[in-house]
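Peer 1: Provided below for reference: sequence and predicted model.
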Amino acid sequence: MNIEYNSIDLSPKKYSQHVYTAMEIIAKKFSSQITLKDIANEIYISPKYLSSLFKKEVGCGVYNVISMMRIARAKQLIASNGSIKAAAFDVGFNDPKAFSKMFRRITGESPSTFKSRTLLRKSSSYLDYTP
């Protein structure tokens with residue numbers, strides 16, 4: 001799981017076993033309605049302790065990491081010419097407006113702007129092709 005989601009390094013050597021295991025759980029279940037309590041229960045520690053570990057080691061809370069993983073996956077779905085609304089539901093948002101707000105907060109642009117920019121970049125790369 002050596003992936004960076006918006007400048008959070010998720011490499012295993014960087015974090016304690018509890019945080020790394022929690023990151024793995026989040027990576028597998030971020031599209032469901034997972035909670036801090038669910039994650040903490042799976043690794044047999046208190047939610048408060050897990051939250052403090054995340055803030056200390058990762059620099060943000062568990063829900064921030066869940067949101068970043070959701071938006072990173074949504075960006076992949078949207079970039080592959082997927083529907084913004086479908087991407088929102090696929091990554092665990094029940095409300096497309098809430099998804100758009102979170103997308104903008106994390107990426108700095110709206111999902112539709114991201115999609116337009118991504119599709120424009122793809123189409124211009126096809127135009128640059130010379131046999």
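Peer 2: Arrived safely, thanks for sending.

Peer 1: what about the chain, any weak spots by pLDDT?
Peer 2: Low-confidence segments of the chain, defined by pLDDT under 70: 1-13, 122-131.

Peer 1: can you give me the strands in it?
Peer 2: 4-5, 8-9 (DSSP state E).

Peer 1: what sits against the nearest residue to Phe89 once chain neighbours are set aside?
Peer 2: For Phe89, ignoring the flanking residues on the chain, the nearest one in space by CB to CB, 6 or more residues apart in numbering is Pro96 at 7.9 Å. (Each C-beta comes from the backbone N, C-alpha and C, glycine too.) Residues near Pro96 by CB atoms under 8 Å, 6 or more residues apart in numbering: Ile84, Lys85, Ala88, Phe89.

Peer 1: Counting neighbours, what do you get for the second one?
Peer 2: In other words, Lys85. If you count neighbours by other CB atoms under 10 Å, Lys85 ends up with 13.

Peer 1: how near is Val65 to Phe114?
Peer 2: Using CB to CB, to the nearest Å, we find Val65 at a distance of 20 Å from Phe114.

Peer 1: These two - which one has more neighbours?
Peer 2: It is Val65, of Val65 and Phe114, that has more neighbours when counted by other CB under 10 Å, with 24 against 20.

Peer 1: measure the nearest residue in space to that one that is not next to it in sequence to Val58 for me?
Peer 2: Nearest residue to Val65 in three dimensions, chain neighbours excluded: Ile26, at 5.9 Å (CB to CB, 6+ apart). Counting by CB to CB, the gap between Ile26 and Val58 amounts to 11 Å.
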